[in-house]
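**Q** Need the 3D shape of this:
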Amino acid sequence: MTSRRSFPEESAVGVGGFVRENTPTAEVDRREAVMASLTGTVRELIDATIRTTVHDDEVHRIRDDLAALVARLRTAQLPGPAGIRYNGELRSWNWGNAVMGAANAIAPPLRVVHDSSGCHADVVLGAAYEGPPGLVHGGVSAMLLDHIMGEAASAMRRTAFTGTLTMRYRRGTPLGPLRLEAGIVREEGRKVFVAGSISDARGVTVEADGVFIQPVGAPTADGR
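**A** Numbering: from 1, shown residues only. This is a model prediction of the structure:
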């Protein structure tokens, strides 16, 4: 008999936002891997849908097959936004996030690495992120930079929200492998000033400066 385990929802308090659950970290990791495997296939489906040239009858058959799969997934789902969830071991998961969500097929996804200079990420953007022919949509570039710069501002120890974000598009960003980098420039009370960039093999394509704000009541660098 095949073992069937569903992710416990009854321990969640609230919908969306920050939600605490009593799910052990090992179970979160297991479920995340399961969802990531599904999401990877759906991500391939998105790319295949954009680039397919199969005939109309086949498109209609595939549409009907997908509708049946959607109905199966709808039989058990969250009542609202995924939010950010965490447990007593401070393991958090944000599977609906548009940039890095393990259950979100429109996320590239971004895997951020923190280091002594800030953080960086390598990502490959395909047909789903195209704006001008062969180039990444400028709004996608802004979204990715907003995310990695926010990661740099948080420094894995605090919450920081975007206050302002100024973009400089130096040239078109080609689809394919890209490098994102971000680091803190300075801090003033609850304000964290961050610089970020996107590069391809030829160099920087987009630069950004941002001011990120720590919420009132959160600890600041100067202790206030």
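**Q** neighbouring contacts of stretch 53-65?
**A** Residues outside stretch 53-65 that contact it (C-beta atoms under 8 Å, 6 or more residues apart in numbering) are Thr52. All C-beta atoms are positioned from the backbone trio N, CA, C, and that covers glycine.
**Q** Make residue 1 into 54 and carry on from there
**A** Sure, I'll start counting at 54 from here, so that last one is stretch 106-118.
**Q** which neighbours does the longest strand belonging to the chain have in its sheet, and in what orientation?
**A** If you go by DSSP state E, the chain has its longest strand at strand 229-241. Under the criterion DSSP bridges, strand 229-241 sits next to strand 171-178 (antiparallel), strand 244-253 (antiparallel) in its sheet.
**Q** Now Pro268: phi and psi?
**A** phi -60, psi 150 (degrees, to the nearest 10).
**Q** What is the burial count for it?
**A** Residues within reach of Pro268, counting by other C-beta atoms under 10 Å, total 10.
**Q** Mind telling me what element the closest residue in space to it that isn't next to it in sequence is part of?
**A** Using C-beta to C-beta, 6 or more residues apart in numbering and skipping residues adjacent in sequence, the residue nearest Pro268 is Thr212, 5.8 Å away. Thr212 belongs to no helix or strand when assigned by DSSP states H and E.
**Q** Settle this for me: Thr212 is touching Ile266, isn't it.
**A** No. Using C-beta atoms under 8 Å, Thr212 is not in contact with Ile266; the gap is 9.5 Å.
**Q** more neighbours, these two?
**A** When Thr212 is set against Ile266 and neighbours are counted by other C-beta under 10 Å, the residue ahead is Ile266, at 17 against 13.
**Q** Just list whatever residues bridge to the more buried one.
**A** Counting by DSSP bridges, Ile266 is bridged to Phe214, Lys244.
**Q** list the contacts for it?
**A** Each residue near Ile266 by C-beta under 8 Å, 6+ apart is listed here: 213-216, 243-245.
**Q** where's Val257 relative to Leu233, distance?
**A** Distance, Val257 to Leu233, by C-beta to C-beta, to the nearest Å: 11 Å.
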